[in-house]
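[1] Predicted structure and sequence below. I'll ask about it afterward.
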Amino acid sequence: MGARPPQVIIKTPAEIAQSRIAAQLAARVLQMIGPYVQPGVSTEALDDRCREFIVHELQAIPANIGYHGFTKTVCTSVNHVVCHGVPAADKVLKKGDIINIDVAVIKDGWFGDTSRMYYVGEPNRLARRLVETTYEAMCAGIRQVRPGATLGDVGHAIQSVAERERFSVVRDYCGHGIGQIYHEDLQVLHYGTRGQGITLEEGMVFTIEPMINVGKRETRELPDGWTVVTRDHSLSAQWEHMVAVTADGFEVLTVWPEGTGSYPAIA
């Protein structure tokens, strides 16, 4: 087990309350946009709706606009896109697609960051199994979170679920600390060895956001400098929650307002 690096920020209860507010606003965006994920809708149209909702309904700031030059409100990653898909007018959803929508907001200087998967119509059996397994893997990682556990415990739990289904875990991208900084200096790998890595402490806040591929784990970035795809063109899925380490376990800060529906509860 590893000691906490000095740059890892421990939040007070009051600061976690601020994080929770931003996190729950981000979760509301994903609740709002769900009904609009339909065949024939462009990813740019989804982006426009999210931006209007964040600015006018939530009275918050879209965190992604202008971040390292990114011009959109959300990332829309369809089928073999692993992450950071750029919304576009000519990217129109079709029946059978799977899509991850990743949103981040700023409220009173605090960041909320979360993503989830959606089906466009009815997916095929492999796509559904991938999406459900990736959700299960995220939940398995979250359930490891408590004081005294390690980030290796989190990564191992995620990796075990993915590899049980003969899927692969993307290693080029990871979860991160978050608070008044979008990406704080805490890297949450989605693979690992039990007992290895930084030891978790009460007051840590970070994202767990596994990216799982049907095929091999290797990725490549497209010429737009953002969109990341699977090298073998296999399907990829991702879920993301913000989590706080509590005195005796964890709290999911980006809990869905409508509940988990057909997906198992995390706690």
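    In hand now; what should we look at?

[2] who's in contact with the longest helix along the chain?
    Secondary structure of the chain per DSSP state H: the longest helix is helix 13-33. Under the criterion C-beta atoms under 8 Å, 6 or more residues apart in numbering, residues 11, 46, 49-50, 53-54, 57-58, 60, 74, 101, 103-116, 178-179, 203, 205, 242, 244, 251, 253-258 lie in contact with helix 13-33. Any C-beta I mention is one placed from the backbone N, CA and C, and that applies to glycine too.

[3] can you pull the buried residues of stretch 77-90?
    For stretch 77-90, the neighbour count (16 or more other C-beta atoms under 10 Å) marks 77-87 as buried.

[4] Which residue ranges of the stretch 1-150 of the chain form strands?
    Secondary structure of the stretch 1-150 of the chain (DSSP state E, counting those that start in this stretch): strands at 61-62, 74-78, 81-83, 98-107, 110-119.

[5] For residue 226, find the nearest of these.
    strand 74-78 (8.0 Å; C-beta to C-beta).

[6] And the closest one, what does it pack against?
    When contacts are defined as 3 or more C-beta pairs under 8 Å, 6 or more residues apart in numbering; DSSP states H and E, strand 74-78 packs onto helix 43-52, strand 98-107.

[7] What is the first one packed up against?
    I take that to be helix 43-52. Counting contacts by 3+ C-beta pairs under 8 Å, 6+ apart, helix 43-52 packs against helix 13-33, strand 74-78, strand 98-107.

[8] Just put these in JSON lines and tack on mean pLDDT and distance to residue 141.
    Listed next are these as JSON lines, based on pLDDT from 0 to 100; distance: least, C-beta to C-beta, whole Å:
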{"stretch": "helix 13-33", "mean pLDDT": "98", "distance to residue 141": "17"}
{"stretch": "strand 74-78", "mean pLDDT": "98", "distance to residue 141": "19"}
{"stretch": "strand 98-107", "mean pLDDT": "98", "distance to residue 141": "17"}
